[in-house]
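> give me a model of this one.
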Amino acid sequence: MRSPFALVICLATFLIPSLVHAADKPNIIVLFMDDGGYGDLGSYGHPTISTPHLDQMAQEGMRFTQFYSASPACSASRYSLLTGRLPVRSGFRWVLSPSSDRGIHPKEITIAEGLKSAGYATAAFGKWHLGRPDELLPLAHGFDEYLGFPYSNDMIPPKWVDIPLLEGNEIVELNPDQSKLTKLYTERTIQFIKKNKRGPFFCYLPYAMPHVPLYPGKAHQGQSRRGLYGDVIEEIDWSVGEILKTLKKQGLDKNTLVIFTSDNGPWIIKDEKGGSAGHLRDGKGSTWEGGVREPCIAWWPGEVPAGVVCREPASTMDILPTAFNLAGVMTTQDRSIDGRDITKVLKKSTRKHQRDPLFFYGSRELHAVRVGDWKLHIKTSSQTKIKHFNGKVPLLFNLEEDPSEEWDRAESNPEKVAELQKIIDDHLASLKEEVPYWGDYALKIER
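Numbering: from 1, shown residues only. Next up is the predicted model:
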């Protein structure tokens with residue numbers, strides 16, 4: 001194990017000043033739904049939700065069919081997006097409550113901190129859910145600006161305390177009208193783009209919805225054939241359209257990478273108020289494909305080729321190393337980064353992306369691993385309380401042939417089961433050094 005002194009040296013030199021000229025650094029925008037499902041967009045097969053702007057974004061960019069969140073729960077998945085790491089590496093596993101005094105680990109390096117070191121202006125507008133105290137909010141983790149809720153939009157009275165709308169660390173309003181949130185966050189994003197059009201800039205827009213309760217804006221209420229849930233998705237589609245239109249009008253489209261995806265699968269136990277995982281099994285809270293496989297569209301005219309469907313696995317954890325590569329931010333080797341740089345995939349300069357392995361964690365332990373075409377479940381769970389396959393484990397699926405996880409191949413492929421189990425065992429053994437080393441900072445949240 002490294003000495004504490006060695007850690008200080010590594011952390012101090014983690015971010016090496018960028019050697020890339022500012023004019024060559026692309027702007028980066030991440031648009032992040034809350035509980036959006038794989039099957040909720042028109043371009044992903046939904047028959048009644050209208051998403052013309054996202055569909056056009058896919059036509060002008062790249063649509064992923066095997067893109068994963070790092071966790072089926074909101075706080076943990078956001079942790080991984082911003083750090084490029086499995087949350088378990090720092091003891092972080094699931095969802096924070098408003099009363100928690102824990103959150104994103106102070107020793108982590110976020111996308112915002114890395115890009116800020118390379119001269120980027122940085123902002124976050126929307127749901128944070130990675131700690132409420134000031135020292136855990138976005139301004140403490142590399143963001144120059146922040147406007148939004150510190151946690152989920154359902155954490156309101158009478159069960160919880162009044163929910164604050166924050167500007168930076170200051171409360172602007174308690175229990176605001178949530179039907180104005182998507183428009184508010186969109187307008188602030190557009191203002192930020194215009195203010196920093198000389199670039200480079202990084203903007204993170206984590207929408208409050210379609211997490212319940214559902215509050216579409218006035219102009220979108222009652223407009224979708226899918227009902228209230230569809231109204232919310234269609235307003236998010238409007239938001240994406242406004243942001244892309246702004247980039248084009250400001251002449252920034254050819255120097256801006258925009259990534260649209262979701263934090264985890266749909267909240268299917270909410271019935272018509274929840275979304276759809278399409279042909280995938282289960283949803284939010286589970287490590288079945290419906291809980292972790294997300295819609296994802298990447299857009300960067302002139303760099304990301306138009307109309308491409310990427311069928312190679314990728315992850316929200318890949319966004320950090322990709323952004324750092326594009327910005328010329330170099331990292332030292334003081335910590336494990338679970339994400340992979342997918343720049344060549346985005347620019348389609350490689351035909352095959354080696355994205356192995358992908359580990360899937362439930363609320364407290366590892367549930368599954370994917371390597372190549374194969375996924376092995378060693379533990380399963382579901383918010384629906386359904387015991388898929390009568391609770392049998394291990395379960396083995398070939399996801400290229402069976403993305404719905406219908407046909408268990410464990411008994412007919414014992415060698416593959418043993419191979420993937422060894423990968424799991426080796427991974428868990430490797431964590432024994434790192435998790436105690438980081439400490440139990442985030443473990444205390446799970447009271």
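> which elements pack onto the longest helix seen in the chain?
The single longest helix within the chain, with elements called by DSSP state H, is helix 414-438. In terms of contacts (3 or more C-beta pairs under 8 Å, 6 or more residues apart in numbering; DSSP states H and E), helix 414-438 is packed against strand 366-371, strand 374-377, strand 395-398. All C-beta atoms are positioned from the backbone trio N, CA, C, and that covers glycine.
> deepest-packed of these, please.
Mean neighbour count (mean count of other C-beta atoms under 10 Å) peaks for strand 374-377 among the helices and strands packed on helix 414-438, with a mean of 24.
> does anything pack onto it? Which helices or strands?
Counting by 3+ C-beta pairs under 8 Å, 6+ apart, strand 374-377 packs on strand 366-371, strand 395-398, helix 414-438.
> does residue 199 belong to a helix, a strand or coil?
coil (DSSP: H, G, I helix; E, B strand; the rest coil).
> burial of it, as a residue count?
19 (other C-beta atoms under 10 Å).
> list the contacts of it.
For residue 199, the contacting residues are 22, 25, 27, 120-121, 252, 255, by C-beta atoms under 8 Å, 6 or more residues apart in numbering.
> switch to 7 Å and redo it
Neighbour list for residue 199: 27, 255 [criterion: C-beta atoms under 7 Å, 6 or more residues apart in numbering].
> so how far is residue 250 from it?
According to C-beta to C-beta, to the nearest Å, residue 199 stands 10 Å off from residue 250.
> do residue 367 as well
44 Å.
> same check, this time on residue 164
From residue 164 over to residue 250 (counting by C-beta to C-beta), the distance is 32 Å.
> the two: who's more crowded?
Using other C-beta under 10 Å, the more surrounded residue of residue 164 and residue 250 is residue 164, with 19 against 13.
> does the more buried one really touch residue 176, like I thought?
No. Taking contacts as C-beta atoms under 7 Å, residue 164 lies outside contact range of residue 176: 8.7 Å.
> run through the helices of the stretch 101-250 of the chain in chain order.
111-117, 181-195, 228-249 (DSSP state H, counting those that start in this stretch).
> now the angle from the last one to helix 181-195?
So the one you mean is helix 228-249. 10 degrees (axes from the mean of the first three to the mean of the last three C-alpha atoms, to 10 degrees).
> who's in contact with residue 163?
If you count contacts by C-beta under 7 Å, 6+ apart, then residue 163 has 149, 155-156, 175 around it.
> 10 Å - rerun?
98, 149-157, 173-176, 178 (C-beta atoms under 10 Å, 6 or more residues apart in numbering).
> weed out the non-buried ones from these.
98, 149-153, 155-156, 178 (16 or more other C-beta atoms under 10 Å).
> which one of those is nearest residue 404?
Nearest to residue 404 out of the buried ones among the contacts of residue 163 is residue 152 (C-beta to C-beta; 28.8 Å).
> pretty sure the closest one sits against residue 210.
No. The criterion here is C-beta atoms under 10 Å, and residue 152 misses it with residue 210 at 12.0 Å.
> give me the common contacts of these two.
34-35.
> could you dump the helices and strands packed on strand 374-377 to CSV with mean pLDDT and distance to residue 274?
Below are the helices and strands packed on strand 374-377 laid out as CSV (pLDDT from 0 to 100; distance: least, C-beta to C-beta, whole Å):
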stretch, mean pLDDT, distance to residue 274
strand 366-371, 97, 21
strand 395-398, 98, 24
helix 414-438, 86, 30
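> columns distance to residue 103 on top of those, output as JSON lines?
Compiled in JSON lines, the helices and strands packed on strand 374-377 are given as follows (distance: least, C-beta to C-beta, whole Å):
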{"stretch": "strand 366-371", "distance to residue 103": "22"}
{"stretch": "strand 395-398", "distance to residue 103": "34"}
{"stretch": "helix 414-438", "distance to residue 103": "14"}
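> for residue 187, find the nearest of these.
Using C-beta to C-beta, these put helix 414-438 closest to residue 187, at 38.1 Å.
> for the chain, which element, helix or strand, carries the lowest mean pLDDT?
helix 4-12 (a mean of 32; mean pLDDT, DSSP states H and E).
> of the helices and strands packed on strand 374-377, which is nearest residue 265?
Here strand 366-371 is closest among those (C-beta to C-beta), at 13.8 Å.
> what's the closest one packed up against?
helix 289-292, strand 358-361, strand 374-377, strand 395-398, helix 414-438 (3 or more C-beta pairs under 10 Å, 6 or more residues apart in numbering; DSSP states H and E).
> who's in contact with the most centrally placed residue in the chain?
Geometric centre of the chain, nearest residue: residue 263, 4.3 Å, by C-alpha atoms, centre = their mean. Counting by C-beta under 10 Å, 6+ apart, residue 263 touches 32-36, 69-78, 80-81, 127, 129, 206-207, 211, 284, 294, 316.
> just those residues: which are in helices?
Among the contacts of residue 263, the members that lie in helices (by DSSP H) are 74-78, 80-81.
> from those, pick the one nearest residue 217.
Closest to residue 217, out of all of the ones in helices among the contacts of residue 263 and judged by C-beta to C-beta, is residue 74, at 21.8 Å.
> mind listing what that closest one touches?
32, 34-35, 94-96, 127, 129-130, 151-152, 206, 211, 262-264, 284.
> which members of the residues you listed occur in strands, if any?
32, 206, 262 (DSSP state E).
> pull up the gap between the second one and residue 92, please.
With the distance defined as C-beta to C-beta, residue 206 ends up 17 Å from residue 92.
> what about the two, which has more around it?
Between residue 206 and residue 92, counting by other C-beta under 10 Å, residue 92 is the more crowded of the two (29 against 25).
> ramachandran angles for the more buried one?
Main-chain dihedrals, residue 92, degrees, to the nearest 10: phi -90, psi 130.
> so who does residue 29 touch?
Residue 29 neighbours (C-beta under 10 Å, 6+ apart): 123, 189, 192-193, 201-205, 240, 243-244, 247, 252, 256-260, 299.
> next up, phi/psi of it, please.
phi -130, psi 130.
> could you report the pLDDT at it?
With respect to pLDDT, residue 29 scores 98.
> specify the beta-bridge partners of it.
residue 203, residue 258 (DSSP bridges).
> quick check: closest non-adjacent residue to residue 272.
Excluding its sequence neighbours, the residue lying closest to residue 272 (C-beta to C-beta, 6 or more residues apart in numbering) is residue 227, at 6.2 Å.
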